[in-house]
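# okay, predicted coordinates and the sequence, questions at the end:
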Amino acid sequence: MTLHEQIKGEIKTAMMARDTVKLNVMRGLVTAFMNELVAGGKTPQDLLSDEECLKVITRTAKQRKDAIDQFTKGGRQDLADEDSAQLAILEVYLPQMMSKEEVTDFAKGKLAEQSFDLSKKGMFMATLMKDLKGKADGGTVKEVVDELLK
């Protein structure tokens, strides 16, 4: 069973459990999947691969994180809490991200393999992001690169 099919099945489960938060998240994901399919020139009845599904879920989770940050800054804790609950549901489907320490160790190893100076910071960041795609958060990688290449 693909991730796309699994998430479609979760809609029925959430309906039976009367879990409105999960139901809204699952419906939103299925809609995002359909939009991705149509944008790729496929029909809405097709299924995305697991990799494409993870890309959409990651993008949706990032949107939730940004919204939580904005709501918190704006003093709307009620809306931030709502998005936090939705983010928790989305994170179930995402692979475990590397910790800052793991990213630092990986970056130090890469830095030892290839020497980068301060002017090549962007190039080093791009190399790391290519290697850590889907394994580490971009913000964490940027933080580590900034610390290593001061």
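Arrived safely. Residues are numbered from 1 along each chain as shown.

# tell me, what residue is most central in the chain?
With distances taken as C-alpha atoms, centre = their mean, residue 58 lies nearest the centre of the chain, 2.4 Å away.

# pLDDT score for it?
We have a pLDDT of 89 for residue 58.

# immediately after the host helix or strand of it, which helix or strand?
Per DSSP states H and E, residue 58 falls inside helix 50-73. Where DSSP H and E defines the elements, the next helix or strand beyond helix 50-73 is helix 77-91.

# mind giving me the domain split of this structure?
3-91, 100-148 (automatic domain parsing).

# please state the offset of the first one from the chain centre?
It stands for domain 3-91. 11 Å (C-alpha atoms, centre = their mean, to the nearest Å).

# and it, how far apart are its ends?
End-to-end distance of domain 3-91 (C-alpha to C-alpha, to the nearest Å): 14 Å.

# still on that earlier bit, and the residue nearest to the centre of the chain, how far from residue 81?
For residue 58, the distance to residue 81 (C-beta to C-beta, to the nearest Å) stands at 22 Å. C-betas here are computed from N, CA, C, even on glycine.

# and residue 45, helix, strand or coil?
Secondary structure, DSSP: H, G, I helix; E, B strand; the rest coil: residue 45 is coil.

# and the pLDDT for the residue lying closest to residue 97 once chain neighbours are set aside?
What sits nearest to residue 97 in space, not counting adjacent residues and going by C-beta to C-beta, 6 or more residues apart in numbering, is residue 137, at 5.5 Å. You'll see residue 137 listed with a pLDDT of 78.

# pretty sure residue 137 sits against residue 95.
No - the pair residue 137 and residue 95 does not pass the contact test of C-beta atoms under 8 Å, sitting 11.5 Å apart.

# so who does the nearest residue to residue 23 once chain neighbours are set aside touch?
Spatial nearest neighbour of residue 23, excluding adjacent residues (C-beta to C-beta, 6+ apart): residue 14 at 3.9 Å. Contacts for residue 14 were tallied using C-beta atoms under 8 Å, 6 or more residues apart in numbering; they are 20, 22-23, 26.
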